[in-house]
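*Asks:* Here is a sequence with its predicted model. Questions after.
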Amino acid sequence: MAAPVIEDLRRQLREKFPQAHALPPLPREEDAEPDRPFDPAFFPPGAVSEVIGTGVGMLVAGLLGEPEEMATLPDFILVDGGDGFDPASFTEEACSRLVWVRCVTALEMLKAADLLVRDANIPFILLDTCGIGRRELHGIPASAWWRLKLAAEASGCRLVVMSSFPQVPCAGVRVSLNARLGLEDFDLPRRELIARLRVVPERMRRAT
Amino acid sequence: MFAALHLPDLGVLAALRANPACKEKPCAVLELDPDIAVEKVKLSLQAVNDIARGTGIDAGWPLNRALVRCPDLQVLPPHPENEAALLSELISLGESLTPDLEIAGRDTLLLDLSRTSSRHAARLGFLEMGDLLPVHVRADTPDLARLAVRHGSCSGRHVTRADIGGLPLGLLAHLPEGSDFMPLLGDWGLETLGDLMRLPRQALAERLGPQAGEWHDLLNGKTCRLLRLHRPPESLEQSMEFEEPVIAAETLVFAFKRLLHALSARLAARHVAARELRILFHLEGGARLLRTIRLPEPRVEESELLRPVQVLLDSLKTGSGITGITLDAEAALPTAAQKDWFIRQMPRPERWTDTLAQLEALLGPGKAGIPAPPANHRPDDFHLRPADGTAPAAQGGTLPSCPVPLRRFRPPCKVAAAFEAGPGLPRPLALLTGPYRGQITDYRGPFKHSGHWWDPQTAWGRLEWDVRLADQRLLRLAFCPPDCWLIDGVYF
């Protein structure tokens, strides 16, 4: 359809439904949603969630926590797109809660995620795309994300995509995980750093 | 007519097969139960060889007494594999006479000779197992034969009720629950089986229970039970040969579908399920490739059996065409267990195993599992445990050195660094090459790590820093002597 025709259609719709096209009121300072502490229950089941921000690296640490006993069954699956997970950064007890799937390309990562979402025996899947080059990530068609979304809906899985930038067009929840870390924080206990994590809901705009 | 076939001292014969050097010495095998920790000298002998028996000791003697009587006694460890092999040979021997036989113990068979011709039955006296001679006894009932074959005086004879009466009462211990009453019967002054047979049946049953009445009937030859027949496992093996060597997976899937259809029907007809599939690929040039698929739980349905086979075929690399396939299955009873309420379980474990197999086919072996941190400080020295829970977790990993998880580069990124070389340790000043360049504004360290110093071939050592660049990026920088600078990973 030619561009002038679309513009004409938009104009007619604006004239016919002016209220639907009115600009939303700007949020006042006191109405703005406050930062929330990190909570895994924030990610809804049966949907794709996307996490961006400076604290993405702390997401796995926040989810695994610091358990004192070995888990009999894993609670999470990490589909590691860039093969960057470091087991030495976690205790053996924390690692026992995780199944680590090591991928080296975006295609492998998506195929592995698709298998695991459909399996749904472990219904919390983390998809780490941070280690994959931006060009390769841009090459992922939107249909691949929609396919994962439909699979997650069918199986009831929580699929959390960890990204450096917004890229999932069908994300039901997109949050920014903020953790301003410096070298001085390296001497603090991990639980303090996790307590400092703040979840900021992102405006749901179309990711490209 | 029934016969009992018995291989005396089977335990010690099996142990001597594993230790042939001891054949000319007095040897014994202990009744060793690995679950019970008792003082070894108080254990009794399970079996002794003829040389040891010649010194005056016998099975059932305590080890300490036996060693006093025979100081040269060699105590051999039991050898269950050889015992099973000897029993298997004994079964083959029995089957040469009649197909109707019962395994009455690990060293005794009961044969039903009612359908065997007298000419065949006469071969009982000439049976041999290499250099071993099994003993046999014939009787009108299987249990009389079973009791009599344990006593040397009855060997090769047809025993009657009168013969049984002269045998010692201790033979009763070879019947189920027989050993429980032996002390009491000994207190009553009974010495032979005949003493027991002469007691009134009703009074015996009133005092000792119905079991004693059954023994009384058995010894008097009033009961003749049916044998619990031993049937060799039927083979589920099927083969298919191709006219032309096959390369395409679709053709193989089609062939397997046909074989699995027949296998599924045969399993269903026998009310069993497949626990393991063994697939033998016959390759061009005569080579063979064996693959085993262990199913998470016994299955019967054709589609459920085909799925793991398809996953296997997806990842199969033979290097040459396949000229034929052989499919065999290990049967087991179908699972009828209810899921446990109080143990966390996966909702569909059979699907999880399939998914793991598909991941292995997609990513290669060793790419999915439960990570286990290293037990030392060598960088990136982790291992993966299988995610299907087959390998137990072994605690012993080191604690993380830093509260912020590292995003590791595999392999580490080699860079050029400007550093201040002093008399002591080098101090990094800036990164000159690589993906992260710039001045180092702050750092923690150095942290010295080393290992395997005792072995020059595998010894390693390095210095590590946590550094902050001018753009606030946090990295782990490592220096490996003599002149190698590496970025291990980034923190974010």
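*Replies:* Received, thanks. Numbering: from 1, shown residues only, chains lettered A, B, ... in the order given.

*Asks:* got the residue ranges for the helices in the stretch 1-150 of chain B?
*Replies:* Along the stretch 1-150 of chain B, counting by DSSP state H, counting those that start in this stretch, helices occupy B:10-18, B:50-54, B:63-69, B:80-95, B:118-121, B:142-148.

*Asks:* If you average pLDDT over each of these, which is lowest?
*Replies:* Mean pLDDT per stretch puts helix B:118-121 lowest among the helices of the stretch 1-150 of chain B, at a mean of 79.

*Asks:* So, low pLDDT: which residues of chain B?
*Replies:* Scanning chain B for pLDDT under 70 picks out B:32-42, B:233, B:335-341, B:389-398, B:423.

*Asks:* domain assignment for it?
*Replies:* Residue ranges for the domains of chain B, per automatic domain parsing: B:2-145, B:238-332, B:369-399, B:407-491.

*Asks:* got those as a markdown table, with mean neighbour count and distance to B:Leu169 columns?
*Replies:* The way it works is simple: take the backbone N, C-alpha and C, and place the C-beta from them, glycine included. Below are the domains of chain B laid out as a markdown table (neighbours: other Cβ atoms under 10 Å in any protein chain shown; distance: least, Cβ to Cβ, whole Å):
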| stretch | mean neighbour count | distance to B:Leu169 |
| --- | --- | --- |
| domain B:2-145 | 17 | 14 |
| domain B:238-332 | 16 | 42 |
| domain B:369-399 | 16 | 49 |
| domain B:407-491 | 16 | 67 |
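
*Asks:* In a markdown table: those domains, plus distance to A:Gly131.
*Replies:* Written out in a markdown table, the entries for the domains of chain B read as follows (distance: least, Cβ to Cβ, whole Å):
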| stretch | distance to A:Gly131 |
| --- | --- |
| domain B:2-145 | 50 |
| domain B:238-332 | 25 |
| domain B:369-399 | 15 |
| domain B:407-491 | 7 |
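
*Asks:* can you put those domains in a markdown table and add distance to chain A?
*Replies:* Shown next, in a markdown table, are the domains of chain B (distance: least, Cβ to the nearest Cβ, whole Å):
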| stretch | distance to chain A |
| --- | --- |
| domain B:2-145 | 25 |
| domain B:238-332 | 11 |
| domain B:369-399 | 4 |
| domain B:407-491 | 4 |
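
*Asks:* looking at the ones you listed, which is closest to A:Gly172?
*Replies:* Nearest to A:Gly172, of all these, is domain B:407-491, at 26.1 Å by Cβ to Cβ.

*Asks:* how about the strands of chain A, start to end?
*Replies:* Ranges of strands within chain A are A:36-37, A:47-52, A:76-80, A:98-102, A:124-128, A:158-162, A:173-178, A:198-201, based on DSSP state E.

*Asks:* repeat for the stretch 51-200 of chain B
*Replies:* Along the stretch 51-200 of chain B, the stretches classed as strands by DSSP state E, counting those that start in this stretch are B:74-76, B:101-103, B:108-112, B:135-139.

*Asks:* so what strands line up beside the third one?
*Replies:* What it means is strand B:108-112. Strand B:108-112 has these partner strands in its sheet, going by DSSP bridges: strand B:2-6 (antiparallel), strand B:101-103 (antiparallel).

*Asks:* Looking at the ones you listed, which is nearest to B:Gln211?
*Replies:* Of all those, strand B:101-103 comes closest under Cβ to Cβ, at 20.1 Å.

*Asks:* who's in contact with that closest one?
*Replies:* Strand B:101-103 is contacted from outside by B:87, B:91, B:94-95, B:109-112, B:142, B:227-230, using Cβ atoms under 8 Å, 6 or more residues apart in numbering or on different chains.

*Asks:* Apply 10 Å and report the result again.
*Replies:* B:2-5, B:87, B:90-91, B:93-95, B:108-113, B:142, B:146, B:225-231 (Cβ atoms under 10 Å, 6 or more residues apart in numbering or on different chains).

*Asks:* shaky segments in chain A?
*Replies:* Judged by pLDDT under 70, the stretches of chain A that qualify are A:1-3, A:21-37, A:203-208.

*Asks:* Quick check: beta-bridge partners of the spatially most central residue of it?
*Replies:* Residue closest to the average C-alpha location in chain A (Cα atoms, centre = their mean): A:Glu50, at 2.2 Å. As for beta bridges, A:Glu50 partners with A:Val161, A:Arg174 under DSSP bridges.

*Asks:* need the contact list for it.
*Replies:* A:43, A:127, A:129, A:145, A:159-163, A:165-176, A:202, A:204, A:207.

*Asks:* picking up where we left off before, so which of the helices of the stretch 1-150 of chain B gets nearest B:Phe256?
*Replies:* Judging those by Cβ to Cβ, what sits closest to B:Phe256 is helix B:80-95, at 32.1 Å.

*Asks:* and B:Phe254, that's in a strand?
*Replies:* No: applying DSSP: H, G, I helix; E, B strand; the rest coil, one finds B:Phe254 to be helix, outside a strand.

*Asks:* Give me the distance between the nearest residue to B:Asp112 once chain neighbours are set aside and B:Arg225.
*Replies:* Leaving aside its sequence neighbours, B:Asp112 sits nearest to B:Asp100 (Cβ to Cβ, 6 or more residues apart in numbering or on different chains; 4.0 Å). Remark: distance between B:Asp100 and B:Arg225 (Cβ to Cβ, to the nearest Å) = 13 Å.
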